[in-house]
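*Asks:* the following comprises the amino acid sequence and a computationally predicted model.
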Amino acid sequence: MRAKARILICLCLALLCLSATMRAEAGNGKFYIVGMGTAPDLITIRGVEVIKSADIILVGDEQERDLWKDYIKDKEVWYCPNSLRVLYGIDPKTIKDPQRRARAENGIKARQELVDRIRAAVESGRIVASLQAGDPMMFGLTFMLEMLPKEMPSEIVPGIGAFQAASAAVKMSPPYGYDTNGVILTLMDWEGRADVNEKLMAAGSTMVFYTMHFDYPKVFSQLGRFYPADTPVAVVCDAGDRNSQKVIRSTVGRFLQEVDYKNLPVEKHILLVGKFLKVGQARKDFLPQIEPEHNRQ
């Protein structure tokens, strides 16, 4: 009997230890969004370490899985297409068109299913990492964090986005525009926008255009009303990719005649407009306010 009692005690202790271990592991789950940069070798060290620690990887499609295969290796992979963000935030009841309403309803269902799956994995102690091209804070799928419980452990690891990579490609710093400070990141006007590009152009600030569905004749017609014809512009294709990156330079006045804009790589180029492309870090005021105190007499 004593032997049986000792065995039962040992089993109970083992179960208690296992339960404690499982509870501890459950507390280590976390959800990450990882910026992968505009080229495979522009990922950050932190991003690499997060992927190594992950149990589950989220990617948009098979192409992304193949692009980042050296980091993903044999980890479990889930798919999270960019189309999931379409019609995010709209109440389907307000949509009159039946097909569009159905798409909105299907989107709500698909997003919720994905978020529920992520939540269950994290609560069970697993690390989930969503890999996103460029920097996830520019057009990334951050809605997942918005839908997950606020108390759930999560983190966004920034990546090298197209703005940073394109600025490096032209070897000029956008905030330096001789007599301007502002850098406006924008895209083609969409229906319902209050801050249309013509309003943004009025200040004469540096403009950086993400070129999805871009109407070059329209934009350059607008630019011509606010920027001198000799204002420099640059298109950067495949920003950050050492093998295929290309910089095409022109001016506001000559761009439509000089550049074959119709055959630029779709969604793989970015447009920069502003004096900074010519003046470099020269400033009208010479930045006297940042002179170190010990240098002042």
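*Replies:* That came through fine.
*Asks:* what segments of the stretch 151-297 of the chain are strands?
*Replies:* 154-157, 183-187, 206-210, 232-237, 246-251, 269-273 (DSSP state E, counting those that start in this stretch).
*Asks:* you'd agree Asp241 is up against Ala133?
*Replies:* No - under the criterion of C-beta atoms under 8 Å, Asp241 makes no contact with Ala133, lying 11.7 Å away. Backbone N, C-alpha and C define where each C-beta goes, glycine included.
*Asks:* mind listing the shared neighbours of these two?
*Replies:* Shared contacts of Asp241 and Ala133, defined by C-beta atoms under 8 Å, 6 or more residues apart in numbering, are found at Thr38.
*Asks:* just name the most buried of the strands of the stretch 151-297 of the chain.
*Replies:* Most buried of these, by mean neighbour count (mean count of other C-beta atoms under 10 Å): strand 269-273, with a mean of 24.
*Asks:* with neighbour numbers in mind, choose between Asp241 and Ala133.
*Replies:* Ala133 (22 against 18; other C-beta atoms under 10 Å).
*Asks:* the more buried one contacts Thr38, correct?
*Replies:* Yes - between Ala133 and Thr38 there is a contact under C-beta under 8 Å: 7.1 Å.
*Asks:* domains in this protein, by residue range?
*Replies:* Domain assignment for the chain by automatic domain parsing gives 26-160, 163-279.
*Asks:* mind listing what Val50 touches?
*Replies:* 32, 34, 127, 129, 155, 157.
*Asks:* the closest residue to the fifth one other than its chain neighbours: what secondary structure?
*Replies:* Okay, so that is Glu155. Once flanking residues are discounted, Glu155 sits nearest to Tyr32: 5.4 Å by C-beta to C-beta, 6 or more residues apart in numbering. Secondary structure, DSSP: H, G, I helix; E, B strand; the rest coil: Tyr32 is strand.
*Asks:* who does Tyr32 bridge with?
*Replies:* Beta-bridge partners recorded for Tyr32 (DSSP bridges): Ala129, Glu155.
*Asks:* for Phe226, see how far away Gly240 is.
*Replies:* 29 Å (C-beta to C-beta, to the nearest Å).
*Asks:* ok, the two, which is more surrounded?
*Replies:* Gly240 (22 against 17).
*Asks:* I'd say the more buried one and Ala165 touch.
*Replies:* Yes - if you go by C-beta under 8 Å, Gly240 and Ala165 touch, sitting 3.3 Å apart.
*Asks:* overlap in contacts, these two.
*Replies:* In contact with both Gly240 and Ala165: 37-39, 42, using C-beta under 8 Å, 6+ apart.
*Asks:* top of those by number of neighbours, please.
*Replies:* Within the shared contacts of Gly240 and Ala165, neighbour counts (other C-beta under 10 Å) peak at Thr38, which reaches 25 neighbours.
*Asks:* next one: it relative to Val236, how far apart?
*Replies:* For Thr38, the distance to Val236 - C-beta to C-beta - is 10 Å.
*Asks:* need the overlap of contacts for the two.
*Replies:* 162, 165.
*Asks:* find me the pLDDT at the residue minimising distance to the centre of the chain, would you?
*Replies:* Centre of the chain computed as the mean C-alpha position; nearest residue by C-alpha atoms, centre = their mean is Pro136, 2.2 Å away. Looking at Pro136, its pLDDT stands at 95.
*Asks:* ok, it - contacts?
*Replies:* Counting by C-beta under 8 Å, 6+ apart, Pro136 has contacts 33-35, 130, 142, 156, 158-159.
*Asks:* helix/strand/coil for it?
*Replies:* From three-state DSSP, the assignment for Pro136 is coil.
*Asks:* need phi/psi at it.
*Replies:* When read as degrees, to the nearest 10, the backbone of Pro136 gives phi -60, psi -20.
*Asks:* now it: how far from Gly159?
*Replies:* 7 Å.
*Asks:* count the neighbours of Val196 for me.
*Replies:* 12.
*Asks:* for Cys80, see how far away it is.
*Replies:* 31 Å.
*Asks:* got it, and Pro232?
*Replies:* 39 Å.
*Asks:* do Lys69 as well
*Replies:* Counting by C-beta to C-beta, the gap from Lys69 to Cys80 is 17 Å.
*Asks:* of these two, who's got more company?
*Replies:* Taking other C-beta under 10 Å, Lys69 and Cys80 do not tie; Cys80 has more neighbours (22 against 12).
*Asks:* I figured the more buried one was touching Phe143, is that so?
*Replies:* No - using C-beta under 8 Å, Cys80 makes no contact with Phe143, being 10.3 Å away.
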